[in-house]
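Asks: A predicted structure for the sequence below; I have some questions about it.
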Amino acid sequence: MGSIVVDVMLKPEILDPQGQAVGGALPRLGFNGFTDVRQGKRFVLTVDGDVTDEHLAAAREAAETLLSNPVIEDVVSVHVLDESAADESAADEADAPAEDADGEPDEAEDGEQ
């Protein structure tokens, strides 16, 4: 199965209150050096078999007509998902220690691992 990724962002002139909220929270949580945050959305469209040029064309059309609001949003990317990179990312996440809701490493209860 193949996948196509569509990334959509608010137009630069559109106010982004969620991005502003995140931008304000970052330094309060110790994440410094970021000057701006813009929030967007990502769609992953999966097809049977390999992604064809026809699939990409249909995804681009869907991105412009359904997945985005052209008055306030721009479609910034429509591309085939690199499955090997996605597999590596999933493997890295599986190898990472589990975390609690507060982001701390999850410690086994009663000394169990």
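Replies: Received, thanks. Bear in mind that the values here come from a model prediction, so they are computed numbers and not experimental data.
Asks: List the residues that contact the spatially closest residue to residue 26 that is not a sequence neighbour.
Replies: In space, not counting the residues next to it along the chain, residue 26 is nearest to residue 34; the distance is 5.3 Å by CB to CB, 6 or more residues apart in numbering. Yep, even glycine has a C-beta here, placed from its N, CA and C like the rest. When contacts are counted by CB atoms under 8 Å, 6 or more residues apart in numbering, residue 34 touches 23, 26-27.
Asks: For residue 34, identify the helix or strand it belongs to.
Replies: Element membership of residue 34 [criterion: DSSP states H and E] is none; it lies in no helix or strand.
Asks: Return the distance of it relative to residue 57.
Replies: When distance is defined by CB to CB, to the nearest Å, residue 34 is 36 Å away from residue 57.
Asks: what does residue 22 give?
Replies: With distances taken as CB to CB, residue 22 is found 34 Å from residue 57.
Asks: neighbour count winner among those two?
Replies: residue 22 (15 against 11; other CB atoms under 10 Å).
Asks: can you confirm the more buried one is in a strand?
Replies: No: under DSSP: H, G, I helix; E, B strand; the rest coil, residue 22 falls outside any strand and is assigned helix.
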